[in-house]
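Enquirer: Sequence and predicted structure below; questions after.
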Amino acid sequence: MSPTTATLDTAAQASLGTPVPRLEARDKVTGTARYAAEQNPPRRAYGWPVPATIAHGRVTAVDTTAALALPGVLAVLTPYDAPRLGPSDDPTLQLLQDTRVPHRGWYVALAVADTLEGARAAAEAVRVGYEAEPHDVTLREGHPGLYTPEEVNGGYPAHREHGDPDAAFAAAPVRVDVRYSVPPLHNHAMEPHAATADWDAGRGHLTVYDSCQGTTVVRTVLAGLFRLPEDRVTVLAEHVGGGFGSKSTPRPHVVLAVMATRRCGRPVTVALPRQHLAACVGHRAPTLHRVRLGARPDGTLTSLTHEVLTHTSRVREFVEQAAVPGRVMYAVRDSRTTHRVAALDVPTPSWMRAPGETPGMYALESAMDELADALGMDPVELRVRNDPATEPDSGRPFSSRHLVECLREGATRFGWTGHRPPLREGPLLIGSGVAAATYPVYIAPAGARAHARPDGSYLVEVNATDIGTGARTVLSQIAADALGVPLDAVTLSLGNSALPPTPVAGGSAGTASWGWAVHDACTALTDRLARHHGPLPDAGLSASADTTQSAKQKPPYARHAFGAHFAEVQADTVTGEVRVRRLLGVFAAGRILNPRTARSQFIGGMVMGLGMALTEHSGLDPAFGDFAERDLAAYHVPVNADVPAVEAHWIDEHDKHLNPMGGKGIGEIGIVGAAAAIGNAVSRATGRRLRELPLTPDRVLAALSVPDTGPV
Amino acid sequence: MKPFAYVRATSLREAADAYAAHPGSRYLAGGTNLVDLMKLGVETPTALIDISRLPLDGITELPDGGLHIGATVRNSDLAADPRVRARYPLLARALLAGASGQLRNVATTGGNLLQRTRCGYFQDPSKPCNKREPGSGCAAREGIHRDHAVLGQSEHCIATHPSDMAVALAALDAEVELYGGPDSSRTVEAAHFHRLPADHPEQDTVIRPGEIITGVRLPAPVPGARSLHRKARDRASYAFALASVAVVLDLDPEDGRVRRCALAFGGLAPRPWRATETEARLTGAAPHPDTVRAAVDAELDRAQPLRDNAYKILLARNLACAAIATLAGTRPGAPATP
């Protein structure tokens, strides 16, 4: 590893690298932290949306008579009378603009009343007439609507091909050709989407409290939709209860809240009920994978093909980039990574924690395990054997890549032995599995300001959004170190679109993007203070920074975080129930800025991966066209009893090609590969390969009832 | 909101009178299911008659050595009661396998019995459901029905009853006490408190309009009998049973033969399913794994699975065979083969 050049390492009273507890922890556990729906401006009213009850067609009439006759009802907005919106890049926000119904659950009206209960009752009293057309919500191989898009999410090319993967596969002495299926999944953050919007007609100013992952983009989009100058819109998000990508851009609730406050002249809260979320704030699209791997008997890969089929809605094209990790992971000259998508009458998919990598690495890392089985090789050694010197798709050198170190460190900590046979304890079959993880390094320009006050305290302003990650805490640490002052001398202000523009909390890029701006602003302030003689003026001294130039520079390196997961599972032969006994991850993600919040991010991702492997599933109902699981009793995120000993570790990685803090971003890599490790462990335990997630008791029982055909 | 009246009853008589005075009302105890269904628009009562403060929250000894459980005893209190744990561990285990700690702290014994199915179509008023709206059709039959019934369902309804507690009560030969007025009280076997849907899926139970569950009577435990509850589910806690089994087994200490077996399945049917065929075949028999399996199969042969829930038959067979083997101290036969 190269010696670090990160300037912050030498700060006198370094706060970075220490496990500072969340600064807002007490506010959250005592309930004093205020979320978007808890803002309570005087005369607040409530909006309740009306979801479409057909999957495809159009609205023919909306009868609001009964709803408007209810006590306390202020308005019912319909496609016929809702305010006309300005343009937006995202068609899912063009709400109540026409009578088209592109999927079940699409909003067709909004009831507004002076109480939450009144709004709900009014929404139920709205009578909507429809003209239904046939619908299709079922993705399948051979679907006639499948096409190859120009690009996939993240801006990657949909199709990449090197050499002749088919010929290389045909010539390979050892081959696997396997298909996997990942169902639709839902983010289901703890805090459902909510916004409180307040239009001040006198001042001509719109104030919005929004549960979002970034207020800059919400302000820009709302300004465009409502044809307001951006400086007439303020979006605030001091506390946000999770997002996992479902709040990365504005979602329907905030547009409806603004429509309602403009119509009614009162502040309006639209807090979506959990039952609506499945249809209107995004989901991870289902993916059908075919992976073909060819190898020489020593394990050297000679061919890799990863073909992905997925769905999008008829409203907007979003293509889960699940074949992209195949362009990063392994040294193989002949490869094809490609996506096809079908537009169905489904809700619009969107980002969910590590889009692309999460389902893609489930398939690729499961196939690598199957190849290791076919080779009779330790799956750790198979990955080590194929570790590339440069990024396979681009040929660029890695800024740093320590996957092999993660595998070795994890194998030691876990007690991995390559060919350990499965164990049997009474009715329980026990086995272990391994899988690799990867996630790209993203970064985007941001601005920040720093102020020194005469009393020796500092105010640092950056429009970051802390969605529960610990961003507020880590950014304060970055500021304190750059200023060379103790942490408690710094106050951090965030979650306010009036501050300089910043990117969202997404793509594992928040800390790097915001932190770089904070670092630069504080460094500039330190320089300014050094040049200042005598006491500070009453107004203090300020400095600002904008990283547009530095963050946009494209270094000549491929930049990715890597990791390795090890899982031990038990499968019950009586019930088919699979439980994870141990889950251990080792990550190489640059410098870890706060071990406490970082561990929480890694573990949270791993648990989400556990849910993907064993319990989480959203089923599209072919008859009605909606997701069947619409609450947390039916959509099974793991509960405490499902989560065993989960350990997250990291290796000391120094990468000078990142940003001044030296971190790679850690919000997403914890989920990547976790499901594959668990699935591989289930295969080892049971002697059966299950290729359709989640591994629920019905599927495991069915697999166990087929005679074991020998080693898998 | 949809207006409804709220009446706090201070006596059973007052509660029954209030029910008669408010057609379309519902009794309210813990409210863990009823209030959810009101929010979903599935239940639209004209009045809630709050019986949670009636003096029905005691657990008392019965002269025959059994226990009387008041209707408003909380699920968590019932599971923690030392007498229940010592004499009816099956019931304590079943209770603790249900819902979550927070829900068990609020949910009552009577309310647990009266909870409604969690069928997704029942819970969504925008879709047909004969249980919610008789005559509208059953969307689950051709729709998403992995969690639905394989025994006792009808062409009109394939919903399961979700209670774990009720499965234990059925296996324990418990009785449900009903108050229908000053001169009208009766008891019903727990195993037959819930009814099969047939042509009237809207009626979950044999309860008559206005009747109030006042308590549950547990007969004295069978001396020497052993019991076991086992539930299979999609996650380790806070999930309804895909299938469950409650077994009480009494073996003759002399010859090891079955003197008495009570076996109830959960998650398979619109009610806790007493496996009478299995019980009859095992009574007097030696609990050899092959015998047990044949006896269990005799019951499950009646099952009529749908497209996506046939796995429940194998799951139930495995659960029952493993439970009896555990109680009998025999080695179970190899599970998981059809």
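Expert: Nice, thanks for sending it over. Predicted, not measured: the structure shown is a model, and the values here were computed from it.
Enquirer: Does anything pack onto the longest helix along chain A? Which helices or strands?
Expert: Counting residues, the longest helix found in chain A (DSSP state H) is helix A:510-531. Secondary-structure packing of helix A:510-531 (3 or more Cβ pairs under 8 Å, 6 or more residues apart in numbering or on different chains; DSSP states H and E): strand A:447-452, strand A:458-462, helix A:471-483, strand A:541-546, helix A:548-552. From N, CA and C alone the C-beta is placed, and that goes for glycine too.
Enquirer: Strands of chain B, start to end?
Expert: Taking DSSP state E, the strands of chain B run over residues B:5-8, B:26-28, B:47-50, B:59-61, B:67-70, B:175-179, B:185-189, B:212-218, B:226-232, B:243-251, B:258-266, B:273-274.
Enquirer: Which secondary structure elements does the last one sit against?
Expert: Going back to what we said before, that points to strand B:273-274. Looks like strand B:273-274 contacts helix B:165-171, strand B:258-266 (3+ Cβ pairs under 8 Å, 6+ apart).
Enquirer: which of these is buried the deepest?
Expert: Neighbour counts (mean count of other Cβ atoms under 10 Å in any protein chain shown) averaged over each of the helices and strands packed on strand B:273-274 peak at helix B:165-171, with a mean of 30.
Enquirer: residues contacting residue A:20?
Expert: A:473, A:476-477, A:487, A:594, A:596-597 (Cβ atoms under 8 Å, 6 or more residues apart in numbering or on different chains).
Enquirer: Tell me if I am right that it is in a helix.
Expert: No. Counting by DSSP: H, G, I helix; E, B strand; the rest coil, residue A:20 is not found in a helix; it is coil.
Enquirer: how far away is it from residue A:93?
Expert: According to Cβ to Cβ, to the nearest Å, residue A:20 and residue A:93 sit 38 Å apart.
Enquirer: With residue A:438 instead?
Expert: Going from residue A:438 to residue A:93 by Cβ to Cβ gives 32 Å.
Enquirer: likewise residue A:469?
Expert: According to Cβ to Cβ, residue A:469 and residue A:93 sit 25 Å apart.
Enquirer: Then residue A:64?
Expert: Using Cβ to Cβ, one obtains 23 Å as the distance from residue A:64 to residue A:93.
Enquirer: the domain parsing of the chain - what is it?
Expert: Picking chain A for this. Using automatic domain parsing, the domain ranges for chain A come out as A:36-134+A:190-242+A:247-280, A:151-186+A:283-441+A:559-704, A:442-552.
Enquirer: The intended chain is chain B.
Expert: B:5-50, B:226-328.
Enquirer: okay if I get those as TSV plus mean pLDDT?
Expert: Listed next are the domains of chain B as TSV, based on pLDDT from 0 to 100:
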stretch	mean pLDDT
domain B:5-50	96
domain B:226-328	97
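Enquirer: Tell me which of those domains is the most buried.
Expert: In terms of average neighbour count - mean count of other Cβ under 10 Å - the standout among the domains of chain B is domain B:226-328, at a mean of 21.
Enquirer: who touches residue 139 in this structure?
Expert: I'll assume chain A. Listed by Cβ under 8 Å, 6+ apart, the contact set of residue A:139 reads A:286, A:288, A:309-311, A:342, A:344.
Enquirer: that answer is for a different chain, and I need it for chain B
Expert: A:623-624, B:121, B:127-129.
Enquirer: And for residue A:446?
Expert: A:462-463, A:500-503, A:513-514, A:516-517, A:546-547, A:551.
Enquirer: Single out the most deeply packed of the domains of chain A.
Expert: Neighbour counts (mean count of other Cβ under 10 Å) averaged over each of these peak at domain A:151-186+A:283-441+A:559-704, with a mean of 22.
Enquirer: Tell me if it is near chain B.
Expert: Yes. Interface with chain B: domain A:151-186+A:283-441+A:559-704 contributes A:427, A:573-577, A:579, A:614-615, A:619, A:621-624, A:628-630, A:633-634, A:636, A:638-642, A:696-698, A:701-702, A:704 (Cβ under 8 Å from any Cβ of the partner chain).
Enquirer: In terms of helices and strands, where is the residue of the stretch 1-150 of chain A found nearest chain B?
Expert: In the stretch 1-150 of chain A, no residue comes nearer to chain B than residue A:117, which is 3.2 Å away by Cβ to the nearest Cβ. Assigned by DSSP states H and E, residue A:117 belongs to helix A:116-125.
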